[in-house]
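Visitor: here is a sequence together with a model predicted from it:
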Amino acid sequence: MTPGFFTPEWAEDVRAAVDHGPGEETRAAKLPGYWDWIANVRAGYASSWALGVRDLPTGGPSYLRLGWKDGTCAEAAIIGPDDPLDATYVLSADLSTWRALLGGQDPGRIVMYRGLRLTEGDVLRFFRGIYFFVESVALIARVPALLQ
């Protein structure tokens, strides 16, 4: 059964997907040096991301919080509009952007054109690992979810 979008079940599926990383088919589409760079960034990664949707029909904003510890995506949670938000980097988008992302739009383009916008956190540090982040967002986009 496909979990609902921005539910705890979906968050756990997302955590498992980003922790596992891309499959061989995805990796074969880009140069090995690209993946080596991402592996280097990921190796000691210890930040957290709160990826928000501003306008969920159920009363947003809500956030998918992913916590990284020593290169592993160790935790995932859904943070509601009334819950405290604690993350190294906070990014948000409207529901139409999330729909586009889950519908196959290029995650790099969505991030670079500020569809998914960094609203909190050190912008320079964040962008040092941007390709790692974009590839993680691409994995999030492949996790099935029932949209509301």
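Guide: Good, I have the coordinates. Keep in mind that what you see is a predicted model, and the values were worked out from it rather than measured.

Visitor: distance check, Ala74 against Pro144.
Guide: For Ala74, the distance to Pro144 equals 22 Å [CB to CB, to the nearest Å]. Using the backbone N, CA and C atoms, a C-beta is placed for each residue, glycine as well.

Visitor: those two: who's more crowded?
Guide: In terms of neighbours (other CB atoms under 10 Å), Ala74 is the more surrounded of Ala74 and Pro144; the figures are 14 against 11.

Visitor: need phi/psi at the more buried one.
Guide: Here is the backbone geometry of Ala74 (degrees, to the nearest 10): phi -90, psi -20.

Visitor: is it in contact with Ser48, as I believe?
Guide: No: assessed by CB atoms under 8 Å, Ala74 is found out of contact with Ser48, at 9.6 Å.

Visitor: overlap in contacts of the two?
Guide: Both Ala74 and Ser48 are contacted by Gly67, Trp68, under the criterion CB atoms under 8 Å, 6 or more residues apart in numbering.

Visitor: before we move on, what SS does Thr119 have?
Guide: strand (DSSP: H, G, I helix; E, B strand; the rest coil).
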